[in-house]
Every structure is written in C-alpha cells, then in structure tokens.
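[1] what would the 3D arrangement of this be:
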Amino acid sequence: MAWQLLASALPAAAQLGSTYLNRPKKEDYKPQTDYMKKYVGYLRGRSASKDVLHMAMQPQLRNIGSQGAQMQKQIGYDVAKTGIGGSGLEAQMRLSAGQQTQEALSAATDRAVGAQMAETNRLGEKIADVNAQIAAEEQRANQAYKTATSQWKGQLAGQALGL
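    Below is the predicted model of the structure:
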C-alpha cells in the first residue's frame, strides 16, 4: 500500500522538482536597452560638437570677408579718383567699412550661436526622451520579473499542496 502511494506521488514530486528548477532568472528579464544607451551616447557626442555653428558660420564668413575686401577696394578707387589719399577722410572711410564688417560678423555669429543652441536644446530633449524610454523599459522588465517570480511561487505552492 505504501508503494502504491509512493508510486502515485512520484510523478507529482517530479513535476514539483521540475517547477522548482525552472525558477525565473533575473538575467532572462534583463531589459534590452543597450542600443538605446549607445544612441544616447551618439546624441551626446553630437550635442557636444559645434557642427551647426561651423556650418552656419563658414558661408557667412566667406561672404563677409569678400564684401569687406570689396568695400576696401572700392574705398581705394574712390580715394584715388577724388584725390583724398592719406587724408583723414580716407581713414574715416576705411574705419567705417571695418566697423560695418565687424557688425556683420557679430550679427552672423549671433545667428550661428542661436542655431547651435537650438540644435543643442533639440538634442537635449531627444536625450531626455530616450532616457525616459530606457527607464520605462527597465521598469517593465523589473515588473515582468516580479510577476514571473510570483507566478512561479504560486505554482510551486499549488504543486506542493497537490503532492
């Protein structure tokens, strides 16, 4: 009679042992966020670079430089034409042209810095969004692990009671 009880309990005990060995592992529920973290690193690198500033300034610097040289050349022609070379008027004209060039450079720099700041802010928002996604994925994975562990414990307890 004892052998019959033992024989009938053996499959249930085997199932209980199998359930015990199939405990959920934390690494099975690890969130897949490596690609997001690499993307955040890429975005941080882009926000640290000054590509937008450089790309905005280069054509403007060429234009301002060529216009400044053209203005100085025109002043030279006008001075030679009117015969006021070496006078205070020539100096005043050249200073005025230089000041206009400086003002154009200042305005171009302000626009380029504004564009760079806008790009940096945009990338910062994107980084914050991706970080929020990473946190949500980690929370989801943690919750999935807790749920699986709870279900495993319930199943183990049910099988133990059934045995």
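
[2] contacts, neighbours, all on C-alpha from now
    Noted.

[3] mean pLDDT per helix and strand in the protein: which one sits at the bottom?
    The weakest-scoring helix or strand in the chain, judged by mean pLDDT, DSSP states H and E, is helix 2-21 (a mean of 65).

[4] how close does the residue positioned nearest the centre of the chain get to Tyr35?
    Nearest to the geometric centre of the chain sits Leu43, at 2.9 Å (Cα atoms, centre = their mean). Going from Leu43 to Tyr35 by Cα to Cα, to the nearest Å gives 12 Å.

[5] can you check Ala80 too?
    Taking Cα to Cα as the criterion, Ala80 is separated from Tyr35 by 67 Å.

[6] next: Ala160.
    42 Å.

[7] between these two, who's got more neighbours?
    Using other Cα atoms under 10 Å, the more surrounded residue of Ala160 and Tyr35 is Ala160, with 14 against 10.

[8] SS state for that one?
    Using DSSP: H, G, I helix; E, B strand; the rest coil, the structure places Ala160 in helix.

[9] that one and Thr101, how far apart?
    Distance from Ala160 to Thr101, by Cα to Cα: 88 Å.

[10] cool, Thr82 as well?
    Look at Thr82 and Thr101: by Cα to Cα, they are 24 Å apart.

[11] for Lys30, grab phi and psi.
    phi -70, psi 130 (degrees, to the nearest 10).

[12] run a quick neighbour tally on Leu156.
    Quick note: Leu156 (other Cα under 10 Å) scores 19 neighbours.

[13] what's the helix or strand for it?
    Per DSSP states H and E, Leu156 falls inside helix 88-162.

[14] and Gly65, what element?
    Going by DSSP H and E, Gly65 is part of helix 51-82.

[15] pLDDT on that helix, on average?
    Mean pLDDT, computed over helix 51-82, is 88.

[16] work out the gap between it and the centre of the chain.
    Relative to the centre of its chain, helix 51-82 is centred 37 Å away, using Cα atoms, centre = their mean, to the nearest Å.

[17] so what does that helix touch, helix or strand wise?
    In terms of contacts (3 or more Cα pairs under 8 Å, 6 or more residues apart in numbering; DSSP states H and E), helix 51-82 is packed against helix 88-162.
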